[in-house]
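J.: Predicted model, plus sequence, below.
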Amino acid sequence: MSLSDILPNDITTITSLGSFKATPGTRENTIYQALCNVPWLDGLGRAQIIETKMLAVDRDLLFQIMMVENISKSKVTQIDDMKTTIDPRNQRVDRLHNSNPNGPSKKYKVINEVNIEEDDGNGSTESNGVIGGEKVMYKLTLQSRSGQIFYAINLKPISWPLAVLGSKIVIKKGTKFSRGMFLLAEDNAIFVGGMVKKWNEDKDLKILEYLETKANKENERLQALKDSRKRKR
């Protein structure tokens with residue numbers, strides 16, 4: 001087995017770990033050992049996982065990233081942004097105008113492309129594809145080798161490139177885990193890279209569908225809560 005058997009593949013399809021020749025302490029060996037280690041909370045049901053509070057990870061663990069969600073932005077804004085990315089003609093008119101209706105008339109230019117190699121000068125790292133720019137928090141959906149689903153959030157800005165779907169991450173021993181969520185920082189996780197090609201086909205459309213589904217479920221919960229309160233009056 002080599003890294004080429006791990007990084008571009010869905011790790012849930014790896015049936016034989018085989019042998020791996022790497023020098024102890026190297027990045028390659030860390031990845032392989034994390035893959036070989038017993039998957040996190042393997043065999044526990046979802047309810048038991050959610051009840052687990054502030055447990056320290058006792059071994060290095062390899063996961064693949066199934067979704068990256070910016071939870072610092074509203075889903076409505078993200079859906080709007082994603083629709084604009086897919087088709088710039090979907091740019092919402094009200095985002096192109098000054099919020100002051102009585103202000104002077106201005107001309108606006110819609111920018112549909114940016115040079116990601118240029119510094120935007122405002123210190124933000126989100127626009128150039130880095131996880132966890134200033135005051136930006138991301139939620140990662142992770143999958144273990146056994147197929148279990150977990151989540152992770154960055155507590156502080158993390159200088160990793162924004163992950164493509166299927167990219168791999170090693171969560172290191174000592175990382176805190178609470179209620180289904182790993183609490184990530186720069187020093188307790190290693191972004192490995194890689195991707196699952198099939199997962200990234202029509203990726204923007206998949207992310208849009210994911211966001212719209214979550215937004216609809218949240219709206220349904222809010223509506224159910226309002227209806228419940230009305231009945232109690």
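T.: Perfect, thanks for sending it.
J.: I79 is in what secondary structure piece?
T.: Element membership for I79, per DSSP states H and E: helix 75-86.
J.: for the host helix or strand of L62, packing partners?
T.: Here L62 sits within strand 61-70, counting by DSSP H and E. Contacts defined by 3 or more CB pairs under 8 Å, 6 or more residues apart in numbering; DSSP states H and E place strand 61-70 against helix 27-36, strand 138-143, strand 168-171, helix 203-232. To be clear about C-beta, it is placed using only N, CA and C from the backbone, and glycine gets the same treatment.
J.: Test my guess that K156 contacts E186.
T.: Yes. At 6.8 Å, K156 counts as touching E186 under the criterion of CB atoms under 8 Å.
J.: Between these two, which has more neighbouring residues?
T.: E186 (13 against 10; other CB atoms under 10 Å).
J.: The more buried one touches S159, doesn't it?
T.: Yes. With contact defined as CB under 8 Å, E186 counts as touching S159 (7.0 Å).
J.: secondary structure class for the nearest residue to G194 once chain neighbours are set aside?
T.: Nearest residue to G194 in three dimensions, chain neighbours excluded: L7, at 2.9 Å (CB to CB, 6 or more residues apart in numbering). Secondary structure assignment for L7 (DSSP: H, G, I helix; E, B strand; the rest coil): coil.
J.: Report how many residues lie close to L7.
T.: With neighbours defined by other CB under 10 Å, the count for L7 comes to 18.
J.: Was I right to think it contacts V164?
T.: No. Using CB under 8 Å, L7 is not in contact with V164, being 11.2 Å away.
J.: For the helix holding I79, enumerate the helices and strands it packs against.
T.: Under the contact definition 3+ CB pairs under 8 Å, 6+ apart, helix 75-86 sits against helix 203-232.
J.: centre of the chain versus the helix it packs on, how much separation?
T.: Once both centres are worked out by CA atoms, centre = their mean, to the nearest Å, helix 203-232 turns out to sit 20 Å from its chain's centre.
J.: Give me the mean pLDDT for that helix.
T.: Helix 203-232 shows a mean pLDDT of 90 in the predicted model.
J.: Measure how it sits relative to helix 75-86, angle-wise.
T.: 160 degrees (axes from the mean of the first three to the mean of the last three CA atoms, to 10 degrees).
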